[in-house]
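Q: Provided below for reference: sequence and predicted model.
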Amino acid sequence: MSSTREIVTLQFGNYANYIGAHWWNIQESSFSYNPEDAPSEISHDVLYREGVNLNRQVTYTPRLLLVDLDGSLKHLPREGELYGNSIKRTNESIESTDDVKKIKEELQNLSADVEVVEQPHASKHDFQKDLEDPVIDIQEKNYNLADNVDTWTDYLYARYHPRTVNIVNDYKHSTEKQTFDTYACGVQLWQTEQFEDEFCDKIRQYVEECDFLQGFQTLFDSFNGYSGLATACMEYLNDEYGKANFAIPVYSPRNTPFENADEPMSDSIRVVNSALAFHKLSEQASLFVPLSTSDRVWRQLGAARQLRSLTYQPDNLYQTSAVLAAYLDTISLRYRLRNAPSAYSLAGFCGELSNYGRKLAGAAFALPFPMQHNQDLIDCLDQFEGPIFTSLTPNCNIGTDYVIQTLCDRVLYR
């Protein structure tokens, strides 16, 4: 029997999927395909699963379920691109399809009273086009992703399993207004057939594939309807599986107004959603760590966190989500290591940070840690004045006077 301790990851919400796209890109950037290389210290089987597609090709995909609204995928098929069961969404391939031509001819012969509505084909980002071209080296090309990304699928390098993507058809994705607005909407959505039956069945399939399930990672937007959907899912996971659940509620750097609500009302809706989510998390999560690049999210967004050696655009979804993904990649190392002690598990990680039943924890890190390759750690620390780390938990500043600060000395390649 395998000694791998698997984890199922859940992502709820558009900004959570921005972070998730970076997170999975980071994982795949550390893969080694050279059989002569030494085994990695990280066990990728903790987060990934092996499968076989219809062409008998071996696939290696995240053990992941994500949820987003209709219109958020752009070019990405809901069933993914690895298993040969999707139509390529380019103008050339669709125009050359005989079945589509036949349907168009039949429609033209119908009565003039019939209105034909044809949805424009979603265009692919240059980055995605180049991924399909083996001649182009994507590492040698500057895509300027910070300025021309429309959604998280534009820069997604990882490929997902057909069961991963779950789209809510009742609500339309928009960058101008939020339609999936309240905690109650999320709870009601969980009670529909799509989630109570289909989504739960997908969770069960992932769990049954595991030899020794550690638990769940739940990343979700905490300021809109996904707060209710995610916490309702966590209650189900506790009732059904009783495993550790590490929750990460996240906050977007943009306060997009809600539909049919002015700015003050939108601020109040966000506060209520967060309050209800935090109350539920204190009951259902093993540990939860709110994340944001803003120093305050209560009613209105505060100033952007300042990192010592990193400059980013405060309201840029691509850049801010990359910062949060780098943090998650670092802190999760403990329960993703190969041949780690039994105490280095997701349950152990959550337990050590939730003493006396306090399940809410603060996050802080240094990216990058300003230490030269030939410098001694003690000499580096002597140069610091003030806190070493920058807080990533909104409305929270990490104390330094009576806290022993632990450093994770690790080289991150970006």
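A: Structure's in. What do you need?
Q: for the closest residue in space to His125 that isn't next to it in sequence, give its distance to Thr164.
A: Leaving out its chain neighbours, the residue that sits closest to His125 by C-beta to C-beta, 6 or more residues apart in numbering is Asp154, at 3.9 Å. (C-beta placed from N, C-alpha, C; glycine too.) Using C-beta to C-beta, to the nearest Å, Asp154 is found at 17 Å from Thr164.
Q: residues contacting the residue nearest to His125?
A: 74, 125, 127-128, 145, 148 (C-beta atoms under 8 Å, 6 or more residues apart in numbering).
Q: quick one: low-confidence ranges for the stretch 301-414 of the chain?
A: Flagging of the stretch 301-414 of the chain using pLDDT under 70 yields the residue ranges 399-414.
Q: ok, now the stretch 1-150 of the chain?
A: Using pLDDT under 70, the stretch 1-150 of the chain drops low at 1-2, 81-102, 104-122.
Q: what's the longest helix belonging to the chain packed up against?
A: Ordering each helix of the chain by length in residues (DSSP state H) puts helix 263-284 first. When contacts are defined as 3 or more C-beta pairs under 8 Å, 6 or more residues apart in numbering; DSSP states H and E, helix 263-284 packs onto helix 183-190, helix 226-240, strand 244-250, strand 287-288.
Q: and among those, the most buried is which?
A: Mean neighbour counts were compared across these using mean count of other C-beta atoms under 10 Å; the top stretch is strand 244-250, at a mean of 26.
Q: and it, what does it pack onto?
A: helix 14-29, strand 213-221, helix 226-240, helix 263-284, strand 287-288, helix 346-352.
Q: let me see the mean pLDDT of that strand.
A: Averaged over strand 244-250, pLDDT sits at 97.
Q: just the C-alphas of that strand, formatted as PDB.
A: Taking Å, rounded to 0.1, in the frame of the first residue of the first chain, the C-alpha atoms of strand 244-250 are listed here in PDB:
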ATOM      1  CA  ALA A 244      -8.900  17.800   8.800                       C
ATOM      2  CA  ASN A 245     -10.000  20.800   6.800                       C
ATOM      3  CA  PHE A 246      -7.700  23.800   6.300                       C
ATOM      4  CA  ALA A 247      -9.700  26.800   5.200                       C
ATOM      5  CA  ILE A 248      -8.300  29.900   3.500                       C
ATOM      6  CA  PRO A 249     -10.900  32.600   3.000                       C
ATOM      7  CA  VAL A 250      -9.500  35.200   0.600                       C
END
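Q: roughly how far out does that strand sit from the chain middle?
A: 11 Å (C-alpha atoms, centre = their mean, to the nearest Å).
Q: just the angle between it and strand 213-221, please?
A: 10 degrees (axes from the mean of the first three to the mean of the last three C-alpha atoms, to 10 degrees).
Q: just to revisit the earlier point, residues in contact with the longest helix of the chain?
A: So helix 263-284 is contacted by 181-183, 222-225, 227-228, 230-231, 234-235, 237-238, 245, 247, 249, 255, 257-258, 261, 288, 297-300, 359-360 (C-beta under 8 Å, 6+ apart).
Q: change it to 7 Å
A: 181-183, 222-224, 227, 231, 234-235, 238, 245, 247, 249, 255, 257-258, 261, 288, 298-300, 359 (C-beta atoms under 7 Å, 6 or more residues apart in numbering).
Q: for Leu69, find the nearest of the helices and strands packed on helix 263-284.
A: helix 226-240 (9.6 Å; C-beta to C-beta).
Q: elements contacting the closest one?
A: Secondary-structure packing of helix 226-240 (3 or more C-beta pairs under 7 Å, 6 or more residues apart in numbering; DSSP states H and E): strand 6-12, helix 183-190, strand 213-221, strand 244-250, helix 263-284.
Q: repeat that with 10 Å
A: Secondary-structure packing of helix 226-240 (3 or more C-beta pairs under 10 Å, 6 or more residues apart in numbering; DSSP states H and E): strand 6-12, helix 14-29, strand 64-70, helix 183-190, helix 200-209, strand 213-221, strand 244-250, helix 263-284.
Q: which of the ones you listed sits closest to Lys172?
A: strand 64-70 (5.4 Å).
Q: can you give me the offset of that closest one from its chain's centre?
A: So, by C-alpha atoms, centre = their mean, the centroid of strand 64-70 is 10 Å from its chain's centroid.
Q: report the angle between that strand and helix 226-240.
A: 150 degrees.
Q: for Thr390, grab the count of nearby residues.
A: 20 (other C-beta atoms under 10 Å).
Q: so who does the closest residue to Ile26 other than its chain neighbours touch?
A: Residue nearest to Ile26 in three dimensions, not counting chain neighbours: Asp329, with 5.0 Å by C-beta to C-beta, 6+ apart. By C-beta atoms under 10 Å, 6 or more residues apart in numbering, the contact set of Asp329 is 22-23, 25-27, 30, 42, 336, 410, 412.
Q: may I see the PyMOL selection of the buried members of those?
A: Here is the PyMOL command that picks out the buried ones among those, judged by 16 or more other C-beta atoms under 10 Å:
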select buried, resi 22+23+25+26+27+42+336
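Q: now the contacts of Asp329 in CSV, with distance to Arg270?
A: Compiled in CSV, the contacts of Asp329 are given as follows (distance: C-beta to C-beta, whole Å):
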residue, distance to Arg270
His22, 23
Trp23, 24
Asn25, 29
Ile26, 29
Gln27, 31
Ser30, 35
Ile42, 36
Arg336, 32
Arg410, 34
Leu412, 32
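Q: closest to Gln188 out of the helices and strands packed on strand 244-250?
A: Short answer: helix 226-240, nearest of the helices and strands packed on strand 244-250 by C-beta to C-beta, at 7.8 Å.
Q: okay, angle between the closest one and helix 14-29 too, please.
A: 60 degrees.
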